[in-house]
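In: Need the 3D shape of this:
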Amino acid sequence: MDDNPVTGVDGDAGAGLESDNPVSAGLVPPKPPVIDESFQAQSAKRIREFSKDTERPMRVDELTAYAEGLTKDDAAINLIGLADDTRKYKDIELKNAYNGAQYFYSGKYISFGAAESQVRFEELQRVVAERVRRDSGDEDKVTGVDVLGVCAPYLSREELDKAIGVLCKDERYSDVCQLASFSGSVYLYSSEYFNEEAAAVMVRAEEFRLKIVEHVRGDSQYLTKLTPVENLIGLAPDATMDEVSVRLEEITKDPDFEDITCLTARTGAAFAFSEGHMTIEYATVLLRVAAKDPVYTIAETVREDSRVYPRPTDIEFFKYGLFEVDRSKLDEYVEQVLVEYEDIERFEGPKGKTYLYSSEYLEGSRAELIAEIEHREN
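Out: You can find the predicted model right below:
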C-alpha cells in the first residue's frame, strides 16, 4: 500500500489527524482578522454618544451586536484596535473588569477613575442578574443576597446592597425583583419565571431552612448538645411541626447541608445535630441520655463499646456528667441492667474495678484481658 500523501503513513487519507479542519490541523494558515474601518468609526461614535448620554462605559457585546459581516472575534479585534489607535480615536479607552469582561468609554465624558468604578459596578450588576435568572429559571429557587458575595468578593456588604438596589431599578434588569424574608434578609428572583406570591413562599422556605441549619450547628458547636426538633418551630412565625418536618427533610437532602443529621430517641423524640461539630458516636450517647432512662443508657453504651472498639466498660465511666446518671444510684442501675439485659455480663477487673461487657460481641476471657492491658498502659 502506498504512503498517504497527507499523513505520511500507511492508511486512509486523513487518518490520525486530530481535526478535519485544515486550519486547526496546521495544514492551512489561519486567515488574518478582517479590519473594518467603517465598523470602527461607527463604534467610536456609539461609544462617545453612550458615554455622553449615560455617563457609563459600554460592554463589548453591546458593540459587537452592530458588527455586520464580521465574526464575533473579528469584531472584538476591531474594537481593541480602535482603543489602541491614539491618532484617530485618542479619546476611546478600553477597561477590563475584574473577570476579564471588556468595556469601552470616551475619555471626553468619563474620567479614568469614574470608568474604573463604573466598570466594576456594571459588571457586578450583569453577573448578579445572570445568577438570579439562572437560579429562577434553571433551579426554580430564589437567590439570597448573602450568597451573591462570591460574585464580587472585593465589595463590602454595604456596597453590594447598594449595587443590588440600583440594579432592581435599572430597566435593563426590570425582571429582577427583591423580596425581604420574615427576618429581614433580602432575596432576589426573576419575574420572568414566577410571580411575587410564589417567590414569597420560596423565600419563607429558604429562610426557615437557613435558620434551622444555623441553630442546629450552633447547638452542636457551642453548646455540645442535640437540638430537639420540637424547638425549631419557634424559628419562623406561625410555623407548624409539619412545616418543620418538611424543611428538615429538604435540608438533609441538600448537599450544602450534608452535615445536618436527624436521630430519633427511644421515646420517639426527634433530634438534629451537625456532624461538622459533633461525631455520630457522641451524638448517639446524647440521644440515649435524652431518653431519661439510665438503665437503657448504660446497657446500650456497654453494647456499643463491646461491638465497636471492642472493649469492656468501666462503670466509673457513667459518673461523668455527660450521662446524667445519679451517682448514688449507679450500683442499683447496674443491677437492673444485669437483670433486664441477658447479654450484659459483669466481672471484677484490676484494682477491684467493676466492668460490664456484652457477651453478644465480646467473650468474657477477652474482655478481662483487654481490661488488664488497658490498666497496665494507663
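
In: contacting residues for Asp293?
Out: Residues in contact with Asp293 (CB atoms under 8 Å, 6 or more residues apart in numbering) are Arg266. For every residue, glycine as well, the C-beta is placed using N, CA and C.

In: per-domain residue ranges of the protein.
Out: Domain segmentation of the chain under automatic domain parsing yields 37-110, 119-194, 202-281, 293-377.

In: At which residues are the helices of the stretch 251-378 of the chain located?
Out: Using DSSP state H, counting those that start in this stretch, the helices found in the stretch 251-378 of the chain span residues 280-290, 294-308, 330-340, 364-377.

In: Including mean neighbour count, distance to Glu249 and mean pLDDT, could those helices go into JSON lines?
Out: Below are those laid out as JSON lines (neighbours: other CB atoms under 10 Å; distance: least, CB to CB, whole Å; pLDDT from 0 to 100):
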{"stretch": "helix 280-290", "mean neighbour count": "17", "distance to Glu249": "19", "mean pLDDT": "94"}
{"stretch": "helix 294-308", "mean neighbour count": "20", "distance to Glu249": "27", "mean pLDDT": "96"}
{"stretch": "helix 330-340", "mean neighbour count": "15", "distance to Glu249": "35", "mean pLDDT": "97"}
{"stretch": "helix 364-377", "mean neighbour count": "14", "distance to Glu249": "42", "mean pLDDT": "95"}
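
In: okay, those in CSV with distance to Gln102 next?
Out: Output for the helices of the stretch 251-378 of the chain, formatted as CSV (distance: least, CB to CB, whole Å):
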stretch, distance to Gln102
helix 280-290, 52
helix 294-308, 60
helix 330-340, 75
helix 364-377, 68
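
In: backbone phi and psi for Gln125, please?
Out: Phi and psi for Gln125, reported as degrees, to the nearest 10, are phi -60, psi -40.

In: Would you agree it is in contact with Ala163?
Out: Yes - at 6.2 Å, Gln125 counts as touching Ala163 under the criterion of CB atoms under 8 Å.

In: Helices of the stretch 101-250 of the chain, start to end?
Out: Taking DSSP H, counting those that start in this stretch as the criterion, the stretch 101-250 of the chain carries its helices at 112-134, 157-167, 196-218, 241-253.

In: who wins for proximity to Gly276 among these?
Out: helix 196-218 (6.9 Å; CB to CB).

In: quick check: angle from the closest one to helix 241-253?
Out: 70 degrees (axes from the mean of the first three to the mean of the last three CA atoms, to 10 degrees).

In: Could I get the buried residue list for helix 196-218?
Out: Applying a neighbour-count criterion of 16 or more other CB atoms under 10 Å, the buried positions in helix 196-218 are 199-200, 202-213, 215-217.

In: tell me, which of the helices of the stretch 101-250 of the chain is the model least confident about?
Out: Mean pLDDT is lowest for helix 157-167 out of the helices of the stretch 101-250 of the chain, coming in at a mean of 85.

In: report the angle between the axes of that helix and helix 112-134?
Out: 70 degrees.

In: now for helix 157-167, which elements pack on it?
Out: Judged by 3 or more CB pairs under 8 Å, 6 or more residues apart in numbering; DSSP states H and E, the packing partners of helix 157-167 are helix 112-134, strand 176-180, strand 186-190.

In: any idea how far it is from the chain center?
Out: Relative to its chain's centre, helix 157-167 lies at 22 Å (CA atoms, centre = their mean, to the nearest Å).

In: contacts for it?
Out: Helix 157-167 is contacted by residues 121, 124-125, 128-129, 145, 148-149, 152, 155, 173, 176, 178, 186, 188 when judged by CB under 8 Å, 6+ apart.

In: mind redoing it with 7 Å?
Out: Residues outside helix 157-167 that contact it (CB atoms under 7 Å, 6 or more residues apart in numbering) are 121, 124-125, 128-129, 145, 148-149, 152, 173, 176, 178.

In: so can I have JSON lines of these showing distance to Ala114 and neighbour count?
Out: Formatted as JSON lines, the contacts of helix 157-167 follow (distance: CB to CB, whole Å; neighbours: other CB atoms under 10 Å):
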{"residue": "Phe121", "distance to Ala114": "10", "neighbour count": "20"}
{"residue": "Leu124", "distance to Ala114": "16", "neighbour count": "24"}
{"residue": "Gln125", "distance to Ala114": "16", "neighbour count": "21"}
{"residue": "Val128", "distance to Ala114": "21", "neighbour count": "23"}
{"residue": "Ala129", "distance to Ala114": "22", "neighbour count": "20"}
{"residue": "Val145", "distance to Ala114": "26", "neighbour count": "16"}
{"residue": "Leu148", "distance to Ala114": "24", "neighbour count": "21"}
{"residue": "Gly149", "distance to Ala114": "25", "neighbour count": "13"}
{"residue": "Ala152", "distance to Ala114": "18", "neighbour count": "20"}
{"residue": "Tyr173", "distance to Ala114": "21", "neighbour count": "21"}
{"residue": "Val176", "distance to Ala114": "25", "neighbour count": "25"}
{"residue": "Gln178", "distance to Ala114": "27", "neighbour count": "19"}
